[in-house]
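K.L.:
Using only what follows, build the 3D model:
(2 chains)
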Amino acid sequence: MKMQPAKPELSLSAAPLRKHGASGNFFRFCREKPLGALGGMLILVMVITGVFAERLATHDPIRTDAEHTLARPNRMHWLGTDNLGRDIYSRIVYGARVSLAVGITSTLLGAILGGIIGILSGYFGGWLDLITQRVMDILQGLPLLILALVMTAALGPSIGNVIVAISVPILPRAQRVIRGSVLAIREFAYIEAARALGVGHIGIAFRHILPNTVGPFIVLMTAQFGSAILVEAALSFLGLGVPEPYPSWGRMLSVSAAEFARKAPWLVIFPGSAISLAVFASNLLGDAVRDKLDPRLRGA
Amino acid sequence: MRIYLLQRLLTAILTLFGMSVVIFVLLRLAPGNIVDVLFASAGFVDPAAKEAISRELGLDQPILVQYGRWLRDLARGELGKSYRYDIPAWQVIKPRIPVTAELAVLALLVAVFLGVPTGVLSAVRQDSPLDYVLRVVGLAGLSMPSFWLGMVIILFLVSWTGWIPSMTYVSPFEDLKAHLLQFLFPALAVGYRSSALIMRITRSSMLDVLREDYVRTAWAKGQRQWVVVFGHALANATLPVVTVIGIEFAFMIGGLVVTETVFNLPGVARYLVDAILWRDYPIVQNLVMFIAIVVVLANLTVDMLYGWLDPRIRYETR
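P.N.:
Numbering: from 1, shown residues only, chains lettered A, B, ... in the order given. Alright, predicted model coming up:
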């Protein structure tokens, strides 16, 4: 983030002017939105967990151990073991890597592609806009999970395909948000000025309009991130998501885990808690960021 | 009003038509054609049998002809043949529709009856401890995968009461009580999520309306609290709520896919997953189209409710 010069404030008090630097913004956000900051911290912790999974895991997440199957949580296996004797804690740690990577990549992919479509559609308008919007209506009309299911059915299970499958339903939602703000920005005087100076369409769309859609874009990303994790979990649970041997949180809950759930509830409780916590954190952050950046949607 | 409805109807038909193209194209993206997939697990492949199936499915025809035939069959209500059961797909799907429909309706009821009152309460007691608790509970509902919630409910039932709802389908005509109990928990699991969304939108919509002048007038007249809140404010706060219920219904159908699997209910949504896992692609194509039709109909219903709930919309489009 760029350092901004301190803006003079209309204040009668003799208090020194506050500097709104990047760190200043950060601390202000934490003070005004403690829950949002908590969500952000949780996500950060999970990302770090995923990145340093090798260091943090106590066992090899895919090594089976016939002697310690369905072990209760104990000193050796903090969160117990599954029906194949794999360490649940280590699988959740490695699962953070898979689930978060899939969640972040698919959200980015969907939001960026959707954003580009939204900018072009909103800026150029006319037939392009009309056709794009109808296609997006169609994509948005299908339930998110059903669309993702069909995509994985069409593409076959692999990490790359799962990412594509999850990003496609995000696309129409992203383009709608971005298009909406482009429609508003397009009418501003500085855009007219740029046009008068002879800046080309692409230049205006991407150099002058794009930077002003960053706010809604961030709001959108944080909101969609949670649902991307949920969709990945559901797909993997159904056996259509991230394939073995990658330990994803949804996969850990899959049908084989459900079979042993009565004997070993930790098979169900812990991975599900990890999913819920990740989504909860992203929802907290998303709400707070939306309140900060997009006051029109406050409380929605 | 009539023009409004006609417009909506036309959009719905166009959307469905577009959806059929998207679904058709998507499933043609599948690597290899459907016949290869069908034979992939067979080991031994008889080329003649392969060709026969290819012809039966019309895969030897150009793609536009295939698409046209599919639409024609759909219009006639022919949903093709299930390769898994070797009977017409409709016979497999038909008994499953009431199961999914019942679950969807029950979940929607749970969502509305849980979401709207808590949303109103949260708005009326804005920034009170109760408001915070309700909001956090709501946010938690949005964060838990409904299928996991279902699993946890089953686990708790087992450990606390030693009892779980039947895991094999009980017909309402055999044993109504067991049937309802069987549907109650999945409906709760799915409905909780939706109720959280409904609660949030009810809250924010109510907060807007509660600040309006006419509500203040109602207070000033000395109206009772519940008359002001439910009679005056809620009536005008319902529009966004109805929108969300419409959107949420589509989302819920998606959620049912997993929940029906967890609770082992023989519904349409679960059959879709099975069909995908068995690679019964003709069925997948038809089932997704079927779900698309249901969703479009739900949206159409919501659109029509608008006109009824808010007369201003009717006049504007005249």
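K.L.:
what's the spacing between A:Gly50 and A:Val231?
P.N.:
Using Cβ to Cβ, to the nearest Å, A:Gly50 is found at 18 Å from A:Val231. Bear in mind the C-beta positions are built from the backbone N, C-alpha and C, glycine included.
K.L.:
Neighbour count for the two, which is higher?
P.N.:
Using other Cβ atoms under 10 Å in any protein chain shown as the criterion, A:Gly50 and A:Val231 rank with A:Val231 on top: 29 against 19.
K.L.:
so what's the residue positioned nearest the centre of chain A up against?
P.N.:
Closest to where the C-alpha atoms of chain A average out (Cα atoms, centre = their mean) is A:Phe225, at 1.9 Å. Neighbour list for A:Phe225: A:103-104, A:107, A:282, A:286 [criterion: Cβ atoms under 8 Å, 6 or more residues apart in numbering or on different chains].
K.L.:
in whichever strand or helix holds A:Val268, what counts as buried?
P.N.:
Using DSSP states H and E, A:Val268 falls within helix A:266-293. Residues A:266-292 are the ones in helix A:266-293 that count as buried (16 or more other Cβ atoms under 10 Å in any protein chain shown).
K.L.:
just stretch B:90-97 next, same as before
P.N.:
Going by neighbour count (16+ other Cβ under 10 Å), the buried part of stretch B:90-97 is B:92-93, B:96.
K.L.:
Make TSV out of the residues you listed and add pLDDT, secondary structure and distance to chain A.
P.N.:
Formatted as TSV, the buried residues of stretch B:90-97 follow (pLDDT from 0 to 100; DSSP: H, G, I helix; E, B strand; the rest coil; distance: Cβ to the nearest Cβ, whole Å):
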residue	pLDDT	secondary structure	distance to chain A
B:Val92	82	helix	18
B:Ile93	84	helix	15
B:Arg96	88	helix	16
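K.L.:
Pipe the residues you listed into CSV and attach distance to B:Ser194 per row.
P.N.:
Output for the buried residues of stretch B:90-97, formatted as CSV (distance: Cβ to Cβ, whole Å):
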residue, distance to B:Ser194
B:Val92, 28
B:Ile93, 24
B:Arg96, 22
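K.L.:
related to what we said a few turns ago, intersect the buried residues of helix A:266-293 with the contacts of chain B.
P.N.:
Contacts with chain B within the buried residues of helix A:266-293, counted by Cβ under 8 Å from any Cβ of the partner chain: A:268-269, A:272, A:275-277, A:279-280, A:283-284, A:287.
K.L.:
ok so, going back, give me the helices and strands touching the helix holding A:Val268, please.
P.N.:
helix A:22-32, helix A:34-51, helix A:88-124, helix A:214-237, helix A:249-252, helix A:255-260, helix B:129-143, helix B:146-161 (3 or more Cβ pairs under 8 Å, 6 or more residues apart in numbering or on different chains; DSSP states H and E).
K.L.:
need those helices in JSON lines with distance to A:Arg134 and mean pLDDT, can you?
P.N.:
Below are the helices and strands packed on helix A:266-293 laid out as JSON lines (distance: least, Cβ to Cβ, whole Å; pLDDT from 0 to 100):
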{"stretch": "helix A:22-32", "distance to A:Arg134": "39", "mean pLDDT": "79"}
{"stretch": "helix A:34-51", "distance to A:Arg134": "36", "mean pLDDT": "92"}
{"stretch": "helix A:88-124", "distance to A:Arg134": "11", "mean pLDDT": "92"}
{"stretch": "helix A:214-237", "distance to A:Arg134": "21", "mean pLDDT": "88"}
{"stretch": "helix A:249-252", "distance to A:Arg134": "33", "mean pLDDT": "89"}
{"stretch": "helix A:255-260", "distance to A:Arg134": "39", "mean pLDDT": "71"}
{"stretch": "helix B:129-143", "distance to A:Arg134": "30", "mean pLDDT": "90"}
{"stretch": "helix B:146-161", "distance to A:Arg134": "31", "mean pLDDT": "87"}
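K.L.:
what's the most buried one of the ones you listed?
P.N.:
helix A:249-252 (a mean of 28; mean count of other Cβ atoms under 10 Å in any protein chain shown).
K.L.:
Find out how far that one is from the centre of the chain, if you would.
P.N.:
Averaging C-alpha positions (Cα atoms, centre = their mean, to the nearest Å) puts helix A:249-252 18 Å from its chain's average.
K.L.:
helices and strands around it, which ones?
P.N.:
Taking 3+ Cβ pairs under 8 Å, 6+ apart as contact, the helices and strands that helix A:249-252 lies on are helix A:88-124, helix A:214-237, helix A:266-293.
K.L.:
Format the helices and strands packed on helix A:266-293 as CSV; extra columns: distance to A:Gln175.
P.N.:
Converted to CSV, these look like this (distance: least, Cβ to Cβ, whole Å):
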stretch, distance to A:Gln175
helix A:22-32, 27
helix A:34-51, 25
helix A:88-124, 4
helix A:214-237, 10
helix A:249-252, 27
helix A:255-260, 36
helix B:129-143, 23
helix B:146-161, 27
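K.L.:
quick one: average pLDDT of stretch B:191-206?
P.N.:
When pLDDT is averaged along stretch B:191-206, the result is 89.
K.L.:
Dump that stretch to PDB, keeping only the CA atoms.
P.N.:
Output of stretch B:191-206 as PDB, limited to C-alpha atoms (Å, rounded to 0.1, in the frame of the first residue of the first chain):
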ATOM      1  CA  GLY B 191     -32.600 -24.600   7.100                       C
ATOM      2  CA  TYR B 192     -30.300 -23.200   9.700                       C
ATOM      3  CA  ARG B 193     -27.900 -21.900   7.000                       C
ATOM      4  CA  SER B 194     -30.700 -20.300   5.100                       C
ATOM      5  CA  SER B 195     -32.200 -18.900   8.200                       C
ATOM      6  CA  ALA B 196     -28.900 -17.100   9.000                       C
ATOM      7  CA  LEU B 197     -29.000 -15.300   5.700                       C
ATOM      8  CA  ILE B 198     -32.700 -14.500   6.100                       C
ATOM      9  CA  MET B 199     -32.000 -13.200   9.600                       C
ATOM     10  CA  ARG B 200     -29.300 -10.900   8.400                       C
ATOM     11  CA  ILE B 201     -31.300  -9.400   5.600                       C
ATOM     12  CA  THR B 202     -34.400  -9.100   7.800                       C
ATOM     13  CA  ARG B 203     -32.300  -7.300  10.300                       C
ATOM     14  CA  SER B 204     -30.800  -4.800   7.900                       C
ATOM     15  CA  SER B 205     -34.100  -4.200   6.100                       C
ATOM     16  CA  MET B 206     -35.900  -3.700   9.400                       C
END
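K.L.:
Do any residues in that stretch lie close to chain A?
P.N.:
Yes. Stretch B:191-206 lies within reach of chain A by Cβ under 8 Å from any Cβ, at B:200-201, B:203-204.
K.L.:
quick one: contacts for B:Gly58?
P.N.:
Neighbouring residues of B:Gly58 by Cβ under 8 Å, 6+ apart: B:65-66, B:69.
K.L.:
again, 10 Å this time
P.N.:
Residues in contact with B:Gly58, defined by Cβ atoms under 10 Å, 6 or more residues apart in numbering or on different chains, are B:65-66, B:68-70, B:73.
K.L.:
What about the residues you listed, which are in helices?
P.N.:
Residues of these located in helices (DSSP state H): B:65-66, B:68-70, B:73.
K.L.:
In contact with B:Thr238, which residues are there?
P.N.:
B:116, B:202, B:205-206, B:209, B:245, B:305, B:309-310.
K.L.:
returning to what we had before: so which of the buried residues of stretch B:90-97 comes closest to A:Gln140?
P.N.:
Nearest to A:Gln140 among those is B:Ile93, at 25.1 Å by Cβ to Cβ.
K.L.:
Not counting its neighbours along the chain, what's nearest the closest one?
P.N.:
Closest residue to B:Ile93 apart from its sequence neighbours, by Cβ to Cβ, 6 or more residues apart in numbering or on different chains: B:Val268 at 6.1 Å.
K.L.:
doesn't B:Thr100 make contact with that neighbour?
P.N.:
Yes. In this structure B:Val268 lies within contact range of B:Thr100 using Cβ atoms under 10 Å: 4.3 Å.
K.L.:
joint contacts of those two?
P.N.:
Here B:Val268 and B:Thr100 share the contacting residues B:93, B:253, B:256-257, B:260, B:291, B:294, scored by Cβ under 10 Å, 6+ apart.
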